[in-house]
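>>> Sharing a model prediction with you, sequence too.
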Amino acid sequence: MSRITKRAKENNKTVEQSFKYALPEAVEKVKKCANAKFDESVDVAMNLGVDPRKADQMIRGSVELPHGTGKKLRVVVIAKGEKISEASEAGADHVGGQELVDKIQEGWLDFDRLVATPDMMGAVGKVGKILGPRGLMPNPKVGTVTFDVGKVVTSIKKGLVEFRVDKAGILHVPVGRASFEAGKLQENVTTLLDTVRKLRPASAKGTYIRSMTLSSTMGPGVQLDTAALLS
């Protein structure tokens, strides 16, 4: 039988599980419960009224959070010609062509995001079985297959977050760190919400955003009052 820690007991007293909080109060609750010895990530879990088995209801996209996520991402760009220098100038951590594809083939995966130009996707596709399961495969739907590599690298470094609904119809998206000012976390959450709302499929019936929960890495989930957020 699992043992509930003293910290968990205190956190559970702070958050009423059945209550739905307004965003400002929810953020304060999450920050108060983020009392681990490290700067905890703050994440949103959004339950959507979609059927991911249907291609037109597979919610996938990206959003540039105004205040980033607090995490420094390592970005790789696979390109050729002048796009290599463009990516380097934008701050990409590793830039190259076929040699990077070969390196990945050999097992190198020391990066968080991979951006590729369309003319290199034939080569990148050969390591798709390595990249795909790890969520690293470039995709035009989230903007990581593009000739505008400089702009995308800059956006990722600033806080561009990719998201994709899981089999249960839930999105899990990081929106910052517990050390962020409350106002910045709120802005990141509302920016994400606005982006997801715009992606509602025409074929989705009933309530689109069924529920939202905000939590830190080690803290309890805090339910958000979605009716108030969406009004």
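In hand now; what should we look at? Numbering: from 1, shown residues only.

>>> The longest helix along the chain: which residues count as buried?
Longest helix in the chain, counting residues (DSSP state H): helix 182-198. The neighbour-count check on helix 182-198 (16 or more other CB atoms under 10 Å) flags K184, L185, Q186, E187, N188, V189, T191, L192, L193, T195, V196 as buried. C-beta here means a position set from N, CA and C on the backbone, and glycine is covered the same way.

>>> Pull out the buried positions in the helix or strand following that helix.
Using DSSP states H and E, the helix or strand that follows helix 182-198 in sequence is strand 209-216. Buried residues in strand 209-216, counted by 16+ other CB under 10 Å: I209, M212, T213, L214, S215, S216.

>>> Adding pLDDT and distance to P174 as columns, could you present those residues in JSON lines?
Output for the buried residues of strand 209-216, formatted as JSON lines (pLDDT from 0 to 100; distance: CB to CB, whole Å):
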{"residue": "I209", "pLDDT": "95", "distance to P174": "18"}
{"residue": "M212", "pLDDT": "97", "distance to P174": "14"}
{"residue": "T213", "pLDDT": "97", "distance to P174": "14"}
{"residue": "L214", "pLDDT": "97", "distance to P174": "11"}
{"residue": "S215", "pLDDT": "96", "distance to P174": "11"}
{"residue": "S216", "pLDDT": "96", "distance to P174": "11"}
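
>>> I'd like to know which of these is nearest to V165.
Relative to V165, the closest of the buried residues of strand 209-216 is I209; by CB to CB it sits at 11.7 Å.

>>> check contacts around that closest one.
Residues near I209 by CB atoms under 8 Å, 6 or more residues apart in numbering: M46, N47, L48, G49, L193, V196, R197, T226, L230.

>>> Touching, the third one and I59? I think so.
Yes: distance between L48 and I59: 6.2 Å, which falls inside the contact criterion (CB atoms under 8 Å).

>>> Among those two, which residue is more densely surrounded?
Each of L48 and I59 has its neighbours counted (other CB atoms under 10 Å); L48 has more, 24 against 20.

>>> Would you check how far apart that one and E86 are?
Using CB to CB, to the nearest Å, L48 is found at 36 Å from E86.

>>> Return every residue with contacts to both of L48 and I59.
Counting by CB under 8 Å, 6+ apart, the residues touching both L48 and I59 are V165, L171, V196.

>>> Now for the closest residue to the first one other than its chain neighbours: which residues touch it?
Nearest-residue entry for V165: I59, 4.2 Å, with adjacent residues in sequence omitted and distances by CB to CB, 6 or more residues apart in numbering. The contact partners of I59, taken as CB under 8 Å, 6+ apart, are L48, V50, P52, F163, R164, V165, L171, V196, L199, P201.

>>> Next step: those residues restricted to strands.
Per DSSP state E, strands hold the following members of these: L48, F163, R164, L171.

>>> give me every residue that touches R74.
R74 is in contact with D93, H94, D110, F111, D112, R113, counting by CB under 8 Å, 6+ apart.

>>> What about the first one, how many residues nearby?
For D93, the tally of surrounding residues (other CB under 10 Å) stands at 18.
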